[in-house]
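**Q** task: produce atomic coordinates for the following.
(3 chains)
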Amino acid sequence: MLRKAHVRTGLAALISSGLLAVAMAGCGSANGTKQGSGAAVPSGTLTIGMLGTFSGPNSYYGQSLQAGCYPAAKEINDAGGILGHKITCKLVDTRGDPADAVPATYQMLSSTSNLVAVLGPCGDVSSAVDPVLEHAKMPSISCSGQDVFDHSSDPYFWRNLPSDGSMGWAMTAYAKQRGYTRIAMVFGNDASAQGSVPGVLQGARVLGLHVVADLTLTAGSPSYSTEVARVIQARPQAILTETDPQTAGTFFREMLQDGRFYPIIGTLNVMVTPYLKSVAPVFGTGRLTTELVGMNPFTPTSQQGFKVWTEEADATKSQVPSAAFSTTLQYNESPYDGLIVMALAMDEAHSVKGSVYNNDIMRIFNGGPGATDVSSYAQGLKLIKEGKAIRWDGSEGLQTLNQYHNTTGNFEVQAATPSLSLKVVGSVSPTYLQEVAKGT
Amino acid sequence: MFIFLTALSAGLVGAAAMALASVGFSMQFGIGNLFNLAFGALMTLGGFFAYVVNAAGLGLWLSAAIAAVGLGVVSVLMGRAIYRPFTLRARRFGKGVEAAVIMVSFGVAVMVQYSIQAIWGASTVYGYRVGVSAVALSANGFVLTWQGVASLIVTAALCALLGSFMRFTQFGRAMRATAGNEALARSSGVPVDRILDVSWLISGAFCGLAGVLLVLDIGTLDSFTGSDQLLLVIAGAIVGGVGSPLGAVLGAGLVSVVSEIAAGYISPDLKYVVAFALLVLTLLFRPSGLVGSTARAKVLAK
Amino acid sequence: MSIYLLTLVVYLMTDVIACWGLNLQFGEAGLYSFGFIVCQAAGAYTVGLLTLGSAAPGQTYFFGAHLAFPVPIICSAAVGGVFGVVFGVAALRRIRLDYQALAMLVIAVIANYVVNGVTGFLDGPIGLVGIPLPVPGFTQAPSGAPGWGYAVVCVPALIVSFWIVWSLSRSPAGRAMRTARSNEAVARATGKSVAKLWLGALFWGGVLGGLSGGLLVAFIGAWAPASWEFTETFVLLTALIVGGVGNVWGAALGALLVPVAFAEGSRYLPAIPGSPDLGPSLEWIAVGLVTVLFLWFRPAGLIRERRRKYAVAAIEEVGEADQSDTGGPPMSAGVASADDVASTGLTSGSAATQPARATAATREVTTSSPVTRGGPPAIEVEDVVVRFGGVTALDRVSLVVPEGSVTAIVGPNGAGKSTLVGVIAGSQRPASGHVRMFGDDVTAMKSHARARHGLARSFQISGEVDGLTVFENVMIGEARHEGEGMLRALAGRWAWRDPELRVTGRAAIEVRRVGLEDRVNAVTSELSGGQRRLMEIARCLVGTPRVVLLDEPMAGVNPRMADAIIEHIRRLKDRGLTVLLVEHELEVVEDVADRIVLLSDGRTVMQGDTGEVLNAEALREVYLGV
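**A** The predicted structure is shown next:
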């Protein structure tokens, strides 16, 4: 008599594979000590997590974290490290979607030895990942522009970059400043660009600008001629935009082929190197340096902190993907400043435990009574050891964070140079910005 | 009218690159019985072949030719090493030949795409050493650059050449016989294996060249350039009628122009949605496409 | 470590549920649902919309509903099922498989584009954020992150999902699905409504997809179009290919190995500084390579689809008992599946009798009858016209098959015999004309309805169902199996056990009659051509048909076997069945047929008694052109 015998084989395979998976997970985390295990200062090298998108079409977001982390780590290690411990930057890939970002974050938290701080996350995964970091009491310097964090009440969330919404406001304020009344909006269909759209619409409404065209470009199309035609038909005076680099190249090339061009006002993302590389051949040097501007929170470059940053960035240039390297791009400067502030906070609090040093972060960003401005980690460390209060004045100059842990302050206007670095060409009127803020 | 003419000219130039790709895809499907999901990634590879030699100093025409030859060779190797053995083996096991081969082509697509990313980076942007092309014709929105004209001429010439080859030469007839019924062709003395090699070579060359034209049309090249267009290429091939070069050309033209017009009049967001909707409707309701006849056994359920 | 392990466990459970759902559609039913990920997305968005309420300032979802567990998760399952049906409708078109796959895939792509592009509906590319945990008191850890309570909450869903796929798989409904998967024509010819089966598979598969999405989204807390691009379906398909298609345990293993262990394990690979793309790229290249290698070396997967075996006990010699009415001794239904042996205590070797079931098994005995009787003809074809394009395949064909006769349709190749068979069986719609069975007009009836009306048929080529054993091939012949419905399958064994036992009983008898009792658990490819014909004849008889239609049963059969088949055809007649035989070998026809219908060029040239037709001039003209 013949019998069925296959069920048992199946079960055996399933169970053994299950054990294998558990063993793998166990192996991975056996090396890690849990965050907050009690010791204020664990032994060995400390790890900084770079939590961002490192694969796929948006991988240049994550690369900015590298461009900021490596110079900061070198500077910190050269001065003796944090509480005497050297630090290292570890790459953690979120892959750009929440379903992958969350387990990546959990894995980072559970299996990274001596993880003390996080740079990132960037992009639209932030809203999924932020609660995870909060629960783990892990301070992080975010590089996400999502408006949802504008009024964040999360204690461990820090953002020294402008939100997408505020960038939108800045763009409209600048447009008004230049006297434009008819604007066309051209934004890509990715989350970052779309995040700026509400801000632009709000700003336009409050300041009385007429939005004559509002287009969303689907990324990856070989042609945008029809979209270009719609813009031309609408007869704008300026274009407010953010798209990915390839889309921008195609769109503006076709616009020029139609014999038209308009001044372009963009977010910070029009100043990243891949974008400039894509549009530079299309615009030609003349237009590139005069007709394309990007909004940027006001960050001076004359201070000592900027010089220090440039030196450290140059020294670690080989570790950073060349496409991401830039000393004038705020996406690179923010993680650098953020990491040094967190490091100084740990020194000040005599602890690498998030729940202990987190409060010092605010103090070092905003400064307290009697605080001395410092422009390098070594300088800050020295003063902390002497018991003095400090304020960080680094690559971005003095930054002030509001009660929601977001930056405040004015915007400057950047343009590209022929060598594709960035220079400041103007600033946004605070009056118009305040008007928009009040009216929204 | 301005919008219409803009859409028309954009659609035509877009169709030029797409048509070559759709013809190549259609050929692989019709003759080799391969639904090649790797086609987009292979177009990107063609674009990179041209980039490498172009960056080393060669002129654009020569680079494009090298890309075509390179991809032709790659396709022949893939056909022989991967697809042919699978098709033969799957046939022994009966139903689902198409199914197994489509999964294989997906696996190959993944391997090609990520090999490209491993070598050239996922998001790094490249470009050919060409300036921005001057405008040849501009009339109330209908814009053609010299490069667009060149693309159209090259595509038209190659497709016409292929069409005549398939129709008027003995080898071409043998190819069509293989497409219709491979077993019958083989037993009639047609050298099927050689036919397949040649069809891989030609379709691969078209694929590589299409990649180059695509990069010229967009202006930049990155690891996703070709695969972004895969579904549109498939749409062109199927809407036009698989197995027929003329069908592929018409299909590519139709898909390209219709989606540009939809973008112009309705909404740019919908550009791709319209193209894909055309594809789905064709698959469901007229699978033989524009040019094919419904009696063709190839498209009906087995 | 604990939270990461929890993540793995939750992801494992949701991936297993998703793989089970896809397996139901792809593995069991053979549908190329390359757009499956849409069901998962639908479930995720449902839970999000129903629980977010007015979480974010200024944004209200779904009228501010803040539904409590378990309502959202149940809704996500239902919505997933609906999406499975609606989006899977492409499967119901009769197009080749890769087109089907492509259509589903493109639909998923369109859905992703639309959701991505329309802001304010599902928040476009940003998606839904801040989705709360269900029953936070239980599922939330003190830190605020999800705790092990969440895994506990997933377990009932896992159990329900297991029940759905397992009970369907082992039931007659599962067998019907597998039949339709391998050979649609046979499925229809044996009374199975293929459309209903597919809709059922799409629905329940979609339910599991939606359920997996609903569970996943509350754990992650956010959901965006980037999380459900069409490539995700391919990851699940790879999981099935690796683990084992068409097998519940295989699907679970695949879910463990591919999405979970592979993707998560690869995070432990060291990152190469300066080239962060290399690591993830290599990992994906490995996925592609694994897919291709498995398809080549082990296409059935690690755990193959199991062969369902039956134990056929020795059956007493049937002999003359056939021909008597219910008077004879009850025959032993000495056959059982291995499960039945365990549960009912039937053992091999002993001809254990179960009178109740045995009586049912004897039901198929009929009285023998003379060739001509009063009453309507078994089959009547009246003025049927069939055109293909410009060609008229059947030109006003009429014929009559008297009840109880053996009628042969003969004619040279190209005469239209196959088309006529199609018209009679219901797979070919005539442009005009009628077909009647025992006086009932069946012209509008589809083939599966005609099968249920009493018509059984064999096929000229490929009448075997690959995924089933010989015994199962015979069992499916029951066109009116009361236990075959999907809902019955889900209700549990008790709902279909009795009808199933009756069918196995009858199948055992027929298998014995054609002499295949020692090949019952073989795969059809192990049989010779003649044995396959006999198998089909046995299949025809399981369901107590009134008319048996045999399409060129001698084709490709060696002479010795041919004699056996002829003998069986004679016996059919002795049992009082009406036989319609399509044949072009005149010697065979002479041997066994009472009446002949001569077809040529789509027309009935003549019909009448065998002797008459065989001697007619017309026959010579048609066959020899003389």
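**Q** so where does C:Glu264 fall, helix or strand?
**A** If you go by DSSP states H and E, C:Glu264 is part of helix C:263-265.
**Q** after that helix comes which helix or strand?
**A** Moving toward the C-terminus from helix C:263-265, the next helix or strand (DSSP H and E) is helix C:278-297.
**Q** who does that following helix touch, helix- and strand-wise?
**A** Contacts defined by 3 or more CB pairs under 8 Å, 6 or more residues apart in numbering or on different chains; DSSP states H and E place helix C:278-297 against helix B:84-92, helix B:97-120, helix C:231-243. All C-beta spots, glycine's among them, are computed from the backbone N, C-alpha and C.
**Q** just to revisit the earlier point, and the helix holding C:Glu264, what's its mean pLDDT?
**A** On average, the pLDDT along helix C:263-265 is 70.
**Q** quick one, grab the pLDDT at the residue in the stretch 1-150 of chain B positioned nearest to chain A.
**A** At 3.3 Å from chain A, B:Ala10 is the closest residue in the stretch 1-150 of chain B, using CB to the nearest CB. The score at B:Ala10 is 81. That number is its pLDDT.
**Q** ok, now B:Phe168?
**A** The per-residue pLDDT reported for B:Phe168 equals 88.
**Q** the strands in the stretch 301-440 of chain A, which residues?
**A** Secondary structure of the stretch 301-440 of chain A (DSSP state E, counting those that start in this stretch): strands at A:372-374, A:390-394, A:397-398, A:411-416, A:422-427.
**Q** let me know which of those is tucked in deepest.
**A** strand A:390-394 (a mean of 26; mean count of other CB atoms under 10 Å in any protein chain shown).
**Q** re the thing from before, export the strands of the stretch 301-440 of chain A to a markdown table and append columns for distance to A:Leu329 and mean pLDDT.
**A** What follows is the strands of the stretch 301-440 of chain A, written out as a markdown table (distance: least, CB to CB, whole Å; pLDDT from 0 to 100):
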| stretch | distance to A:Leu329 | mean pLDDT |
| --- | --- | --- |
| strand A:372-374 | 23 | 94 |
| strand A:390-394 | 15 | 94 |
| strand A:397-398 | 15 | 89 |
| strand A:411-416 | 9 | 91 |
| strand A:422-427 | 6 | 89 |
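**Q** so which of these comes closest to chain B?
**A** That would be strand A:411-416 among these, by CB to the nearest CB, at 15.4 Å.
**Q** so what does the nearest residue to A:Thr408 once chain neighbours are set aside look like in phi/psi?
**A** Nearest residue to A:Thr408, sequence neighbours excluded (CB to CB, 6 or more residues apart in numbering or on different chains): A:Asn402, at 5.0 Å. Note on A:Asn402: its backbone torsions stand at phi -90, psi -170 [degrees, to the nearest 10].
**Q** could you report the neighbour count for whatever residue of the stretch 251-400 of chain A ends up closest to chain C?
**A** Proximity of the stretch 251-400 of chain A to chain C (CB to the nearest CB) peaks at A:Gln319, 5.6 Å away. By other CB atoms under 10 Å in any protein chain shown, the residues close to A:Gln319 number 17.
**Q** how about the contacts made by the closest residue to it other than its chain neighbours?
**A** Once flanking residues are discounted, A:Gln319 sits nearest to A:Tyr70: 4.8 Å by CB to CB, 6+ apart. A:Tyr70 sits next to A:Cys89, A:Thr316, A:Gln319, A:Val320 when contact means CB atoms under 8 Å, 6 or more residues apart in numbering or on different chains.
**Q** of all the helices and strands packed on helix C:278-297, which lies closest to C:Pro125?
**A** Nearest of the helices and strands packed on helix C:278-297 to C:Pro125, taken as CB to CB: helix C:231-243 at 16.5 Å.
**Q** contacts for that closest one, please.
**A** B:103, B:106-107, C:15, C:18-19, C:22-23, C:26-27, C:33-37, C:40, C:105, C:108, C:250-259, C:287, C:290-291, C:294-295, C:299, C:301-303.
**Q** which ones among the residues you listed lie within helices?
**A** B:103, B:106-107, C:15, C:18-19, C:22, C:37, C:40, C:105, C:108, C:250-255, C:287, C:290-291, C:294-295 (DSSP state H).
**Q** low-confidence stretches in the stretch 201-350 of chain C?
**A** Residue ranges of the stretch 201-350 of chain C with pLDDT under 70: C:263, C:265-277, C:312-350.
**Q** what of the stretch 351-500 of chain C?
**A** Scanning the stretch 351-500 of chain C for pLDDT under 70 picks out C:351-374.
**Q** quick one: the strands in it?
**A** C:379-388, C:391-401, C:406-410, C:432-437, C:440-441, C:455-457.
**Q** and residue 256, which helix or strand is it part of?
**A** If you meant another chain, say so; for now it's chain A. Following DSSP H and E, one finds A:Leu256 within helix A:245-257.
**Q** switch to chain B, that's the one I care about
**A** Using DSSP H and E, B:Ser256 sits within helix B:245-265.
**Q** before we move on, what about A:Pro57?
**A** A:Pro57 belongs to no helix or strand, assigned by DSSP H and E.
**Q** over to B:Ala210?
**A** Using DSSP H and E, B:Ala210 falls in helix B:192-218.
**Q** now the helices and strands packed on helix C:278-297 as a markdown table including distance to B:Gly189 and mean neighbour count?
**A** As requested, the helices and strands packed on helix C:278-297 are arranged in a markdown table below (distance: least, CB to CB, whole Å; neighbours: other CB atoms under 10 Å in any protein chain shown):
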| stretch | distance to B:Gly189 | mean neighbour count |
| --- | --- | --- |
| helix B:84-92 | 19 | 15 |
| helix B:97-120 | 24 | 22 |
| helix C:231-243 | 38 | 24 |
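**Q** of all the ones you listed, which lies closest to C:Gly130?
**A** C:Gly130 lies closest to helix C:231-243 among the helices and strands packed on helix C:278-297, at 22.9 Å (CB to CB).
**Q** just the angle for the closest one relative to helix C:278-297, thanks.
**A** Counting by axes from the mean of the first three to the mean of the last three CA atoms, to 10 degrees, helix C:231-243 points 50 degrees away from the direction of helix C:278-297.
**Q** helix C:231-243 to helix B:97-120, inter-axis angle?
**A** Going by the same axes, to 10 degrees, helix C:231-243 makes 110 degrees with helix B:97-120.
**Q** what's the spacing between helix C:231-243 and its chain's center?
**A** Relative to its parent chain, helix C:231-243 has a centroid offset of 21 Å by CA atoms, centre = their mean, to the nearest Å.
**Q** wait, C:Leu216 touches C:Thr14, no?
**A** Yes: using CB atoms under 8 Å, C:Leu216 is in contact with C:Thr14, at 4.6 Å.
**Q** closest residue of chain C to chain A?
**A** Closest residue of chain C to chain A, CB to the nearest CB: C:Trp249 (3.0 Å).
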